[in-house]
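> Can you look at this prediction? I've put the sequence above it.
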Amino acid sequence: MPSASALIDWNTLMFIVIGFGAQLCDGALGMGFGVISSTVLTLLGLPRVVVSATVNTAKILTGTASTVSHLAYKNVDWRSLVILTIGGIAGALVGSNLLLKSDNSRYIGPFISVYLIGVGIYIIWKASHVERLRITLPRIGIIGIAAGFLEAVAGVWGPLATSNLVASGLAPRLAVGVGNVAETFVAVVVSMTLVHKLGFENLSRAAVGLVIGALIASPLAARLTANLHKRRLAIGVGILVILSSSLRLFKETGWLG
């Protein structure tokens, strides 16, 4: 019989808690899992390519659970989903190959973080105004390409995809649902591309804990999305974009050490 210490890996338990909290944010606000998970793994000293591969591999399972939940609560606009997914896959293929060939991708991080902080401020301002931009399919495709690229090089999708969908006029509830479902398909592409080169043995074991915690949180997060007030949800998206992007900016510029 294995001992209790053999059955309980405290590092795994830590990542279960992280995965639960990250997915609760991601499922309810359309962002958070990649930001939180990749930030923690980066702070642990893992190479960027390993971080991206690990987070995206975990997202395949967590995203599947989130997809089922969002479909059940009817949080998806199908036309937007198709366009966002196609754009996301295209951007992910470019980003994955760039990440494998060079380390220059790290220089885009600070610029993207500053941009996202501005987007977050705009979303909060827009939540207090009635006017709404007209969401168009070309705009959704461009958002998908940019978010797919960021997903590949940094393991982050939601802050760019969901925030821009909301800013462009898609209802926050649908933006979260569409963003979560499309992210799952994009994560499959990134994971297959990176893992094919790295090998499964080089992934961080943190993925196991992240997946377990996220699977527990997914149904609750989707229900929160369906029931939250639209204005409050939009403000929550904006605040999370600002906080997470600021944290990444501090890390990328060395202000956090």
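Structure's in. What do you need? Predicted, not measured: the structure shown is a model, and the values here were computed from it.

> CA atoms for contacts and neighbours, from now on please.
Noted.

> any idea where the helices of the stretch 151-257 of the chain begin and end?
158-167, 172-198, 206-227, 230-252 (DSSP state H, counting those that start in this stretch).

> what's the last one packed up against?
Judged by 3 or more Cα pairs under 8 Å, 6 or more residues apart in numbering; DSSP states H and E, the packing partners of helix 230-252 are helix 10-29, helix 33-43, helix 108-127, helix 158-167, helix 172-198.

> Same question for the shortest one.
Contact partners of helix 158-167 among helices and strands, from 3+ Cα pairs under 8 Å, 6+ apart: helix 108-127, helix 137-154, helix 172-198, helix 230-252.

> Redo the ones you listed as TSV? Include mean pLDDT, distance to V17 and mean neighbour count.
Formatted as TSV, these follow (pLDDT from 0 to 100; distance: least, Cα to Cα, whole Å; neighbours: other Cα atoms under 10 Å):
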stretch	mean pLDDT	distance to V17	mean neighbour count
helix 108-127	76	26	18
helix 137-154	92	22	25
helix 172-198	91	20	24
helix 230-252	77	18	20
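
> so can I have TSV of those helices showing distance to L24?
Listed next are those as TSV, based on distance: least, Cα to Cα, whole Å:
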stretch	distance to L24
helix 108-127	19
helix 137-154	19
helix 172-198	12
helix 230-252	12
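
> And the ones you listed: which comes nearest I212?
helix 172-198 (16.3 Å; Cα to Cα).

> tell me what that closest one is packed against?
For helix 172-198, the packing partners by 3+ Cα pairs under 8 Å, 6+ apart are helix 10-29, helix 48-72, helix 78-101, helix 137-154, helix 158-167, helix 206-227, helix 230-252.

> hey, which of the ones you listed is tucked in deepest?
Mean neighbour count (mean count of other Cα atoms under 10 Å) peaks for helix 158-167 among the helices and strands packed on helix 172-198, with a mean of 27.

> for the record, mean pLDDT for that helix?
In this model, helix 158-167 has a mean pLDDT of 85.

> Run the angle between that helix and helix 10-29 for me.
10 degrees (axes from the mean of the first three to the mean of the last three Cα atoms, to 10 degrees).

> quick one, helix 158-167 and helix 137-154 angle?
Going by the same axes, to 10 degrees, helix 158-167 makes 170 degrees with helix 137-154.

> And the contacts of helix 158-167?
By Cα atoms under 8 Å, 6 or more residues apart in numbering, the surrounding residues in contact with helix 158-167 are 26, 30-32, 34, 116, 119-120, 122-123, 126, 133, 135, 140, 143-144, 146-147, 172, 175-176, 179-180, 234, 237-238, 241, 245.

> again, only using 6 Å
30-31, 123, 143, 147, 172, 175-176, 179, 241 (Cα atoms under 6 Å, 6 or more residues apart in numbering).

> same thing with stretch 186-198?
So stretch 186-198 is contacted by 53, 56-57, 60, 88-89, 152 (Cα under 6 Å, 6+ apart).

> picking that back up, output the helices of the stretch 151-257 of the chain as a markdown table; include the columns distance to D9.
Converted to a markdown table, the helices of the stretch 151-257 of the chain look like this (distance: least, Cα to Cα, whole Å):
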| stretch | distance to D9 |
| --- | --- |
| helix 158-167 | 30 |
| helix 172-198 | 25 |
| helix 206-227 | 10 |
| helix 230-252 | 28 |
